[in-house]
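**Student:** need a structure here:
(chains A and B)
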Amino acid sequence: MAPSPEFDQEEFVRALLDPDLPPPAGLKATHDLPPLRRFAVYRNNVVVGLIDALAERFPVCLRLVGEEFFRAMALRHVRRSLPRTPLLFEYGEDFAEFVAGFEPARSLPYLPDVASLEYAMGRACHAVDATPLPLDLVRSLPLERLEAATASFHPSTQVVPSDYPIVSIWRANMATDPPRSLTLDHAEDALVVRPRLDVEAHALPSGGSAFIETLMGGGAFGEAASAASRRAKDFDLTANLRMLLASEALTAINI
Amino acid sequence: MFEKKLGSAFMIAGAFAAALASVETAKAENADQEKCYGVALKGKNDCAAGPGTTCAGSASKNYQGSAWKYVAKGTCTAIVTPKGKGSLEPIAN
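**Tutor:** The predicted model follows:
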């Protein structure tokens, strides 16, 4: 059915997101309910659908604040930020930023970073598959040339920096047993990677984010180690290399 | 200088060899064990229509944003901040 001549798409969207506005002009209903009520149903479905999508996408944030708080917070976000692509798994890109500026959530300063971690994990889930670098190949590398070598990373690899223990918070809430008490006395930068089927979040050793970000930017191992030791006085090169190998975030070391 | 030594080929080769040995040992030890984390994400996001989205025609203004009055009631109470117990009081506005 062609839209009526007075149909205005922008007016339609405004009315869709604001229940206090009248339904758009020119609305007709072919069934029993009056247009106003049918539009209200549609408006409700759009918003509920997007809130549900955010709840699926940010399950730890939801557990942290509870269902009622989360859904009310998500509603505010939905009204401000509709999906920009038809791919629903990309929705929520700016949710962490929204949470950071959301006054009622300010007493939970780690919440935006937990949202960033969850979004990164969703991206990792949908990233292109790649084969992690096999340890057998690593063993045969000429180690004396590693300083000038660069690294190729699995497409799912992301670093999420935080001043809070976001990986511990995530694990405490995703485990089957009830979350134990957790103290916010240390920071954890997260390494997110999906080497095979499971998305994994690792807490990086000190200096780890500078180390990996330099490598991901195309810097050599020597450069990355210098950058990380400048950033963190207690940077431990062996611990960071161990994390890199154990997480299987690498697909190649280019010597 | 520490930084220069750290960046040297010798340091990196040594650290890498130690890291590789440690990963291989851990892998051998854990060969029969399951991972304790690494929960696979469920691919639920391809369809957001579900409970609560039926066209029952019952909900006209359920999701209007009235005055904010929600208090976080989740697991955040289990998290202790350096300044004391989790502060979950809603901010008056």
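
**Student:** any weak-confidence spans in chain A?
**Tutor:** A:1-6, A:175-180 (pLDDT under 70).

**Student:** where do the helices sit along it?
**Tutor:** Here chain A has its helices, by DSSP state H, at A:9-17, A:35-57, A:59-65, A:67-80, A:95-100, A:111-126, A:135-139, A:166-174, A:208-216, A:221-231, A:237-246.

**Student:** for those helices, give me a markdown table that also has mean neighbour count and distance to chain B.
**Tutor:** Any C-beta I mention is one placed from the backbone N, CA and C, and that applies to glycine too. What follows is the helices of chain A, written out as a markdown table (neighbours: other C-beta atoms under 10 Å in any protein chain shown; distance: least, C-beta to the nearest C-beta, whole Å):
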| stretch | mean neighbour count | distance to chain B |
| --- | --- | --- |
| helix A:9-17 | 14 | 10 |
| helix A:35-57 | 20 | 4 |
| helix A:59-65 | 24 | 4 |
| helix A:67-80 | 19 | 5 |
| helix A:95-100 | 20 | 12 |
| helix A:111-126 | 23 | 4 |
| helix A:135-139 | 12 | 6 |
| helix A:166-174 | 22 | 5 |
| helix A:208-216 | 23 | 11 |
| helix A:221-231 | 21 | 5 |
| helix A:237-246 | 22 | 4 |
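
**Student:** just to check, A:A225 is in contact with A:L237?
**Tutor:** Yes: with contacts counted by C-beta atoms under 8 Å, A:A225 reaches A:L237, the gap being 5.4 Å.

**Student:** in chain B, which segments are predicted with low confidence?
**Tutor:** B:1-7, B:30-71, B:81-93.

**Student:** in the lengthiest helix in it, which residues are buried?
**Tutor:** The longest helix of chain B (DSSP H) is helix B:9-29. Using 16 or more other C-beta atoms under 10 Å in any protein chain shown as the test for burial, helix B:9-29 gives B:M11, B:I12, B:A13, B:A15, B:F16, B:A19, B:L20, B:S22, B:V23.

**Student:** which ones, among the residues you listed, also lie beside chain A?
**Tutor:** The subset of the buried residues of helix B:9-29 within reach of chain A, by C-beta under 8 Å from any C-beta of the partner chain, is B:M11, B:I12, B:A13, B:A15, B:F16, B:A19, B:L20, B:S22, B:V23.

**Student:** which ones are touching the closest residue to the last one other than its chain neighbours?
**Tutor:** Meaning B:V23. Leaving aside its sequence neighbours, B:V23 sits nearest to A:L245 (C-beta to C-beta, 6 or more residues apart in numbering or on different chains; 4.5 Å). Applying C-beta atoms under 8 Å, 6 or more residues apart in numbering or on different chains, we find A:L245 in contact with A:L135, A:V138, B:A19, B:L20, B:V23.

**Student:** distance of A:L245 relative to A:A29?
**Tutor:** From A:L245 across to A:A29, the span is 62 Å (C-beta to C-beta, to the nearest Å).

**Student:** how about the helices of chain A in a markdown table, adding distance to B:T75?
**Tutor:** Putting the helices of chain A into a markdown table (distance: least, C-beta to C-beta, whole Å) gives the following:
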| stretch | distance to B:T75 |
| --- | --- |
| helix A:9-17 | 31 |
| helix A:35-57 | 15 |
| helix A:59-65 | 5 |
| helix A:67-80 | 12 |
| helix A:95-100 | 16 |
| helix A:111-126 | 11 |
| helix A:135-139 | 37 |
| helix A:166-174 | 6 |
| helix A:208-216 | 26 |
| helix A:221-231 | 32 |
| helix A:237-246 | 27 |
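
**Student:** of all the ones you listed, which one comes closest to A:V159?
**Tutor:** helix A:208-216 (5.0 Å; C-beta to C-beta).

**Student:** the closest one to helix A:221-231, inter-axis angle?
**Tutor:** Orientation of helix A:208-216 against helix A:221-231 (axes from the mean of the first three to the mean of the last three C-alpha atoms, to 10 degrees) gives an angle of 150 degrees.

**Student:** which other residues reach helix A:208-216?
**Tutor:** A:150-151, A:153, A:157, A:159, A:161, A:189, A:191, A:204, A:221, A:223-225, A:227-228, A:230-232, A:235, A:240, A:243-244, A:249.

**Student:** element containing B:V80?
**Tutor:** Using DSSP states H and E, the element containing B:V80 is strand B:79-80.
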